[in-house]
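Participant: From the sequence below, what's the structure:
(one chain, ligands or ions: 1)
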Amino acid sequence: MPRLLKLTLTLFRNYRHLTWQPENALTVLTGENGSGKTNLLESLSLFAPGRGLRRASLSQLGHNETSGWGVAARFQLNDEIIDLGTAISETSRGQRRNFLLNGKPFPKKEGVEDLLSVIWITPQMDRLFSENASGRRRFFDRLVMTVLPGHARELAAYERAMTQRNKLLLTRPTETSWLSGLESTMARHGVAISAARNEIAYYLSSFAQTHKSAFPASHVTFDCDLSEQIQKKPALTVEDWFKEKLNLSRSEDRQRSRTSIGPHRSDFMLSDWKTGLPAHTASTGQQKAMLLGLTLAQTALVREYRKASPLLLLDEPLVHLDRYKREALLEYLPSLQTTILLTGTDSAPFEKISDMARFITLKNGSFQV
Ligand SMILES: Nc1ncnc2c1ncn2[C@@H]1O[C@H](COP(=O)(O)OP(=O)(O)OP(=O)(O)O)[C@@H](O)[C@H]1O
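Facilitator: Residues are numbered from 1 along each chain as shown. Model (predicted):
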């Protein structure tokens, strides 16, 4: 669990209208380039905080950029059935995306991430370990959120305070007590963010190590002053230490127009547990295998912490993998007993799961019968 029972797309990307009731836990979506495979996965990725698997703007999601799009899905969670919906709403501050739970706005202080974990990989992530740190940070924070949903709120609160501090340093740098208040807020949430990242990195490494699969067991570490401090000192002391650092960096940060220290600057490192091979020096296929290894360990961790499986969206998971790894992945996935959507241009590489999975061919945003 969870099980996707129904998906309805209205004027979403290249879909005018689609209603789909999946029959199997495993679905393989195939079709020519541009047929709508990633778009369908993207629609489900919107049931997670943020901008979905393509990080698209709201206007890009509507069919031919119309704003009247909507995505609705019915899920079976452990023993209840819920209806989730997302669409654009107009507010006094402009357009934003809203969520509906069983036809009503979400209760205050509760987010979609409290009900459902959605995990995805995309072909763009094949370069995750060799490209810039901001992509890795975003990836890792999303990973932490799927396990500890409160992480999303900590990040939002930290970023809000940091944005205000950066603005204040430029416009009213003499407002020292206001700045101190913002720095206290940043320190409190910053320590919580780093602690959650460290906790998940630690458990991911140990889960990955015991995980029996063809995928390299990975060692995950964080490169951040704060993470290092947290490993040595109690959280409150680290909070004071971070607050002091922020205070001391005011004039430098004012010159740079940004905050130069904190968890928003950290990076995470991944290396093969056995060989010590750092991910960025591995081959393309090895990096893909490390990404999948991390994703499978994440899935196990979500189950352990939340007593429920995540929804898995795997866009082109077999690309770059050798035959041994492809088969190992396909052999493992059915044991997860959750809704898993896989994509590929051809069905042949998925042969191994042909008796368990439902194969659907897409063309121009509709299912081929
Ligand atoms: N807002 C939109 N309105 C209409 N069509 C769109 C919109 N956004 C993207 N498309 C179209 O959707 C198609 C891309 O779909 P998608 O990325 O899902 O394809 P895919 O099947 O995953 O292809 P590939 O195999 O190349 O990865 C493109 O033809 C693109 O022009």
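
Participant: need the helices for this protein, in chain order.
Facilitator: With DSSP state H as the criterion, the chain has helices at 37-45, 58-61, 133-147, 150-171, 176-210, 225-232, 235-248, 250-256, 284-306, 323-332.

Participant: for these, which one ends up most surrounded?
Facilitator: With neighbours taken as mean count of other C-beta atoms under 10 Å, the helices of the chain reach their highest mean count in helix 37-45, at a mean of 24. Heads up, the C-betas are built off the backbone N, CA and C, glycines and all.

Participant: anything in that one near the ligand?
Facilitator: Yes - residues of helix 37-45 contacting the ligand under C-beta under 6 Å from any ligand atom: Lys37, Thr38, Asn39.

Participant: Show me the contact partners of that helix.
Facilitator: With C-beta atoms under 8 Å, 6 or more residues apart in numbering as the contact definition, helix 37-45 has outside contacts at 4, 7, 9, 12-15, 18, 29-31, 52-54, 56, 61, 71, 73, 118, 120, 122, 311, 313, 315, 341, 343, 362, 365.

Participant: what does stretch 181-200 give?
Facilitator: Identification of contacts with stretch 181-200 by C-beta under 8 Å, 6+ apart yields 140-141, 143-144, 147-148, 151, 154-155, 157-158, 161-162, 164-165, 168, 222, 224, 226-227, 230-231, 235, 238-240, 242-243, 246-247, 259, 262-263, 266, 268, 301.

Participant: For the residue nearest the centre of the chain, give me its contacts.
Facilitator: Most central in the chain under C-alpha atoms, centre = their mean is Arg142, positioned 3.5 Å from the mean C-alpha point. Applying C-beta under 8 Å, 6+ apart to Arg142 gives the contacts Ala48, Gly50.

Participant: now with 10 Å?
Facilitator: Shown in contact with Arg142 (C-beta atoms under 10 Å, 6 or more residues apart in numbering): 45, 48-50, 53, 113, 118-120, 151-152, 155, 298.

Participant: Take those and lay them out in JSON lines including pLDDT.
Facilitator: JSON lines is the format used below for the contacts of Arg142 (pLDDT from 0 to 100):
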{"residue": "Ser45", "pLDDT": "98"}
{"residue": "Ala48", "pLDDT": "94"}
{"residue": "Pro49", "pLDDT": "88"}
{"residue": "Gly50", "pLDDT": "90"}
{"residue": "Leu53", "pLDDT": "97"}
{"residue": "Glu113", "pLDDT": "93"}
{"residue": "Val118", "pLDDT": "97"}
{"residue": "Ile119", "pLDDT": "98"}
{"residue": "Trp120", "pLDDT": "98"}
{"residue": "His151", "pLDDT": "96"}
{"residue": "Ala152", "pLDDT": "93"}
{"residue": "Leu155", "pLDDT": "96"}
{"residue": "Gln298", "pLDDT": "92"}
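
Participant: and the end-to-end length of stretch 102-110?
Facilitator: 14 Å (C-alpha to C-alpha, to the nearest Å).

Participant: what are the bridge partners for Trp120, then?
Facilitator: Following DSSP bridges, Trp120 is listed with bridge partners Leu313.

Participant: Any idea how many residues pack against it?
Facilitator: 22 (other C-beta atoms under 10 Å).

Participant: same thing with Glu65?
Facilitator: Glu65 has 11 neighbouring residues, counting by other C-beta under 10 Å.

Participant: If I look at it, what pLDDT would I see?
Facilitator: For Glu65, the model assigns a pLDDT of 90.

Participant: separation between the nearest residue to it once chain neighbours are set aside and Ile340?
Facilitator: By the measure of C-beta to C-beta, 6 or more residues apart in numbering, the closest residue to Glu65 outside its immediate chain neighbours is Ser59, 5.2 Å from it. Distance, Ser59 to Ile340, by C-beta to C-beta, to the nearest Å: 30 Å.

Participant: same check, this time on Gly34
Facilitator: For Gly34, the distance to Ile340 equals 23 Å [C-beta to C-beta].

Participant: For the chain, what lies in contact range of the ligand?
Facilitator: Residues of the chain lying close to the ligand (C-beta under 6 Å from any ligand atom) are 13-14, 31, 33-39, 60, 62-65, 345.

Participant: Show me which of the residues you listed has the smallest pLDDT value.
Facilitator: Among these, Glu65 carries the lowest pLDDT, at 90.

Participant: Next, the contact list for that residue, please.
Facilitator: Here Glu65 is in contact with Ser57, Leu58, Ser59 (C-beta under 10 Å, 6+ apart).

Participant: Can I get those in JSON lines including pLDDT?
Facilitator: Shown next, in JSON lines, are the contacts of Glu65 (pLDDT from 0 to 100):
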{"residue": "Ser57", "pLDDT": "93"}
{"residue": "Leu58", "pLDDT": "92"}
{"residue": "Ser59", "pLDDT": "89"}
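
Participant: what stretches of the stretch 151-300 of the chain score poorly on pLDDT?
Facilitator: 208-214, 216-217 (pLDDT under 70).

Participant: Tell me which residue of it lies closest to the ligand.
Facilitator: Lys288 (15.7 Å; C-beta to the nearest ligand atom).

Participant: Return the residues in contact with that residue.
Facilitator: Residues near Lys288 by C-beta under 10 Å, 6+ apart: 121, 123, 125-129, 215, 282, 316-321, 325.

Participant: Most neighbours among the residues you listed, please name it.
Facilitator: Neighbour counts for those (other C-beta under 10 Å) peak at Pro317, which has 26 neighbours.
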